[in-house]
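In: Just a sequence and a predicted model for now, questions to come.
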Amino acid sequence: MIRLKEGVLQSTDAFLADAIGIAEYYGFTSLDTIARKPVQGNATKNTEAMAKAENDISFARRDERALPAAARKLLARVNPRETMLAWRVVGNAGTCPSVSLELHILGTSSTIAEALLIIVANAIAQQAGAEERVVLINNIGSSESSGRYIRDVGLYLRKHIESISPTLRPRAAIDPLGTLVQLIERGHPAVPRAPQAMEYLTEEERSRFWEILEYLESAGLPYELNPHILGSRDCWSHSLFEISQIDPATHMRIPIALGGRYDPLMSRFARAPRSAAMVSISCEAPNSAKKSKAPPYEGKIAPMIYLTHLGTLARQRALTVLENLRQADIHVHHSLWHDRITEQMERATAFGTPYILILGHKEVTEGTIVVREVATNSQATVPIEDLTSYLKRHRTITRPKALA
């Protein structure tokens, strides 16, 4: 978790204020401000069904136990036909109290969801003073791929059962993956030779995974493929990732954010196929500090600009453009999860933004971006490195705060 530092991050509330500000810049909304949907069917039966779904989950990691509560709250608010970006704050008691900011993206199976979560979490960690960071990422594939992987993990553990702690042996027979996670945490000598999930991916799953890595490379984020980033297949599918801070004195890696795609868990609670991805960024919350909570909701900045993209390369470059604009305090709307330009233009019209940024394949290859003024339909082609200064000169920044 992120540690409080004098002069950098002095309180947990300061961490939350900065982190939520960054999340909301990228389009995330407080889960508490999203209206609940009317209950469909018998409320008691729905509650009982969700309770049974949770009881049937085989958790592999302690942090996974917070996912069902998040899934229930999200399902009570999400429109299955739309993409939703939401944040929530969770307190964690124990010997080392902490507070976590969870970011969730629902309603899109696109790999841009995982990429966006990693980039936002990385920006939050940087703002909190975590200077040197690395993304550790793994992929367990679909339920079919992970099923083959877990079968071989079970066979491998059976061969090394005598070296496993007697208290852990019974679990090895019924939950091989959870057992392997425990062995990884304990640094067991059999771990390095254990089967690796990425070896079981299909060509389609490898291609999908490569998309995420291309997003990270385009954003300039250092990453490492790490087969030890694992989780329950009842909760996760495809990508799992961790962001670690590298201690400058000891060079040890300290995990500060965990996340991945949790389609299986969300689908289990929805009783229908659903797409969902999340990341949780944690910060210490000392007992001496007052109870941390989200800052009062004061409404969002209403951007005057909508960023559109056309094509995979443009979407990759758009992530860098967004971060540069955020650092310049220029607020924009976007919908990176949409593939078609018509969908994005419709959203730009709905938001009523007077300016639209257009980034296509031609612009990416030339290092430019088109700035269009909606009222006059006039447009200018601007070098991307000059975009922030151009927008500030033309005062295309933000409108006053608008209550949601």
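Out: It's in.
In: just so I have it, where are all the helices in the stretch 251-400 of the chain?
Out: Counting by DSSP state H, counting those that start in this stretch, the stretch 251-400 of the chain has helices at residues 263-270, 312-327, 341-351, 361-366, 387-393.
In: Let me have these in CSV, extended by mean pLDDT, distance to residue 2 and mean neighbour count.
Out: (Each C-beta comes from the backbone N, C-alpha and C, glycine too.) Formatted as CSV, these follow (pLDDT from 0 to 100; distance: least, CB to CB, whole Å; neighbours: other CB atoms under 10 Å):
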stretch, mean pLDDT, distance to residue 2, mean neighbour count
helix 263-270, 96, 26, 22
helix 312-327, 96, 19, 20
helix 341-351, 95, 33, 15
helix 361-366, 97, 34, 15
helix 387-393, 94, 28, 15
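In: what about these, which gets the closest to residue 110?
Out: In terms of CB to CB, the element of the helices of the stretch 251-400 of the chain nearest to residue 110 is helix 312-327, at 9.0 Å.
In: one step back: residue 10: which of the helices of the stretch 251-400 of the chain is closest?
Out: With CB to CB as the criterion, residue 10 lies closest to helix 312-327 of the helices of the stretch 251-400 of the chain, at 21.9 Å.
In: Please save the CA atoms from the closest one in CSV.
Out: Extracted C-alpha coordinates of helix 312-327, given in CSV (Å, rounded to 0.1, in the frame of the first residue of the first chain):
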residue,chain,number,x,y,z
THR,A,312,-6.6,1.2,-32.6
LEU,A,313,-3.5,3.3,-33.1
ALA,A,314,-5.5,6.5,-32.4
ARG,A,315,-7.0,4.9,-29.3
GLN,A,316,-3.5,4.1,-28.0
ARG,A,317,-2.3,7.6,-28.7
ALA,A,318,-5.5,9.1,-27.1
LEU,A,319,-4.4,7.7,-23.7
THR,A,320,-1.3,9.8,-23.8
VAL,A,321,-3.2,12.8,-25.1
LEU,A,322,-5.6,12.5,-22.2
GLU,A,323,-2.9,12.3,-19.6
ASN,A,324,-1.1,15.3,-21.0
LEU,A,325,-4.3,17.3,-20.9
ARG,A,326,-4.9,16.2,-17.3
GLN,A,327,-1.5,17.4,-16.3
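In: helices or strands up against that helix?
Out: Packing contacts for helix 312-327, counted by 3 or more CB pairs under 8 Å, 6 or more residues apart in numbering; DSSP states H and E, involve helix 112-127, helix 203-218, strand 305-309, strand 355-359, helix 361-366, helix 387-393.
In: hmm, who's touching the fifth one?
Out: Spelled out, it's helix 361-366. Applying CB atoms under 8 Å, 6 or more residues apart in numbering, the contact partners of helix 361-366 are 310-311, 313-314, 317, 369-370, 381.
In: Likewise for the third one?
Out: Among residues not part of strand 305-309, those counted as contacts by CB under 8 Å, 6+ apart are 315, 317-318, 321-322, 325, 330-334, 336, 341, 344-345, 347-348, 351, 353, 355-360, 391, 396.
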